[in-house]
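Engineer: quick check, what structure comes out for this input:
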Amino acid sequence: MTDNQRGKTTNVSDSLSNRSLVVSTILEEPYVMFKKSDKPLYGNDRFEGFCIDLLRELASILGFTYEVRLVEDGRYGAQDENTGQWNGMIKELMDHRADLAVAPLAITYVREKVIDFSKPFMTLGISILYRKPNGTNPGVFSFLNPLSPDIWMYILLAYLGVSCVLFVIAR
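Structural biologist: Okay, here's the model as predicted:
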């Protein structure tokens, strides 16, 4: 059972059983590649890779057949800012030229508004790399480091000024 974007619950294994699906994909190593062979290969046998293995396993479990087609324009899918039209695998799904897309396709908010995604089969964490700080021990006056020497001088002068004013007022 799965929930789609429209709030409907569907049983995936029943809805895909004995169906023939057109699967759109894109060449991206190691996910989808042309299989190297001495003899000519045709149909789904032309492809290999992680996505193809995943698709083959899903087909055997859920009982569907499929035809793998490379996306015509060689793009994943982005929306044109001027026209609002989509390209790539997203367009093929929206135009019903493909029933399924299997690729290392990033799930974005904009794409989620127009197509449904399954659970991701890979997660790429976006990281920030920085140089590891050298292991010097902090000095006795390291507590002064957050502010520049000029700021510390202004604080000291303000402290002395306020002290003098309070001394004069208190007399």
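Engineer: where along the protein do the strands fall?
Structural biologist: Using DSSP state E, the strands of the chain run over residues 2-3, 9-10, 20-25, 33-34, 47-48, 65-70, 100-101.
Engineer: give me every residue that touches R19.
Structural biologist: 64-65 (CB atoms under 8 Å, 6 or more residues apart in numbering). Where you see a C-beta, it was placed from the backbone N, CA and C, and this is true even at glycine.
Engineer: ok so, going back, pipe the strands of the chain into CSV and attach mean pLDDT and mean neighbour count per row.
Structural biologist: What follows is those, written out as CSV (pLDDT from 0 to 100; neighbours: other CB atoms under 10 Å):
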stretch, mean pLDDT, mean neighbour count
strand 2-3, 44, 11
strand 9-10, 60, 10
strand 20-25, 91, 19
strand 33-34, 92, 14
strand 47-48, 92, 19
strand 65-70, 92, 15
strand 100-101, 90, 20
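Engineer: distance to T123 added to the ones you listed, as TSV?
Structural biologist: TSV is the format used below for those (distance: least, CB to CB, whole Å):
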stretch	distance to T123
strand 2-3	19
strand 9-10	25
strand 20-25	20
strand 33-34	22
strand 47-48	23
strand 65-70	24
strand 100-101	18
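Engineer: for G77, find the nearest of those.
Structural biologist: Smallest distance to G77 across the strands of the chain (CB to CB): 8.1 Å, for strand 100-101.
Engineer: centre of the chain to that closest one, how far?
Structural biologist: Centroid separation between strand 100-101 and its chain, computed with CA atoms, centre = their mean, to the nearest Å, is 17 Å.
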